[in-house]
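**Student:** Any chance you could fold what I've pasted below:
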Amino acid sequence: MLRRRAPGRVRRRDDVARPRGTTVGLGTHVDSETFGRFSETLARYFGTARFLTIQTVVVFIWIILNTVGFVRHWDPYPFILLNLVFSTQAAYAAPFILLAQNRQDERDRASIERDRQVAARTQADTEFLARELAAVRLSLVGIGTAEEVTRSLRALEESLHQVERRFEELAGVAPSPPTDPPVSGEEGSA
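**Tutor:** Sure, this is the predicted structure:
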């Protein structure tokens, strides 16, 4: 977690992340990621029933040993040393918990941003598909169904037969008997 730089050790020349001579330090380097993971582990442990049980047992033993008569009392009744231990624990636990919460907030913000980007892409895709579907519907408005096409073909065939009969009447040729139009699905020679 804490790495101590050897005295006299020169920083690599190809490290251009910081200008030379601007580092003021005590020769220690703290890896924030490692420290962050450590604080999250500690904060997670502080919030468990196991920790509370162990702490309760230690406090109970501490109080018993400092109140019974056959043991030397290192912390008599007001238990000042126990209070000091609790204060020290709280002084260190609070920053660890806050650091763990900050790291969780950063992860939550990143997750929310990813979710927002996915939602925006999904919305854009949905709008594109809706426009495409509307364009397909508009292009299909003028196209007739198979039934409409069949009706139109029958009407056209009937008109053709009428024109043919009229032509034959004018030409003086005996009209030919009308032929039934082919049933849909059958191939006919008209």
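
**Student:** hey, where'd the helices end up in this structure?
**Tutor:** Assigned by DSSP state H, the chain shows helices spanning 32-46, 49-67, 80-140, 146-171.

**Student:** how close does the spatially most distant residue from the centre of the chain get to His161?
**Tutor:** Distance from the C-alpha centroid of the chain, by CA atoms, centre = their mean, peaks at Gly172 (83.8 Å). Distance from Gly172 to His161, counting by CB to CB, to the nearest Å: 18 Å. C-beta here means a position set from N, CA and C on the backbone, and glycine is covered the same way.

**Student:** what stretches of this protein score poorly on pLDDT?
**Tutor:** Residues of the chain that meet the criterion pLDDT under 70 lie in 1-27, 173-190.

**Student:** what do you get if the cut-off is 90, keeping everything else the same?
**Tutor:** 1-48, 62-79, 92-93, 95-97, 99, 137-152, 164-190 (pLDDT under 90).

**Student:** Pick out the residue closest to the middle of it.
**Tutor:** The centre of the chain sits closest to Asp115, judged by CA atoms, centre = their mean, with a distance of 4.2 Å.

**Student:** quick one, what contacts it?
**Tutor:** Shown in contact with Asp115 (CB atoms under 8 Å, 6 or more residues apart in numbering): no residues.

**Student:** returning to what we had before: can you tell me which of the helices of the chain is most buried?
**Tutor:** Compared across the helices of the chain, helix 32-46 shows the largest average neighbour count, a mean of 14 (mean count of other CB atoms under 10 Å).

**Student:** what's that one in contact with?
**Tutor:** Here helix 32-46 has contacts from Met1, Phe51, Ala93, Pro95, Phe96, Ile97, Leu99, Ala100, Gln101, Arg103, Gln104, using CB under 8 Å, 6+ apart.

**Student:** domains in the chain, as residue ranges please.
**Tutor:** In the domain annotation for the chain, the residue ranges read 29-140, 144-176 (automatic domain parsing).

**Student:** from the middle of its chain, how far away would the last one be?
**Tutor:** In terms of CA atoms, centre = their mean, to the nearest Å, the centre of domain 144-176 is set 65 Å apart from its chain centre.

**Student:** How about stretch 98-115?
**Tutor:** Distance, stretch centre to chain centre, for stretch 98-115: 13 Å (CA atoms, centre = their mean).

**Student:** distance of Asn102 from Thr56?
**Tutor:** From Asn102 to Thr56 the distance is 29 Å (CB to CB).

**Student:** for Ala100, same thing?
**Tutor:** Ala100 is 23 Å from Thr56, by CB to CB.
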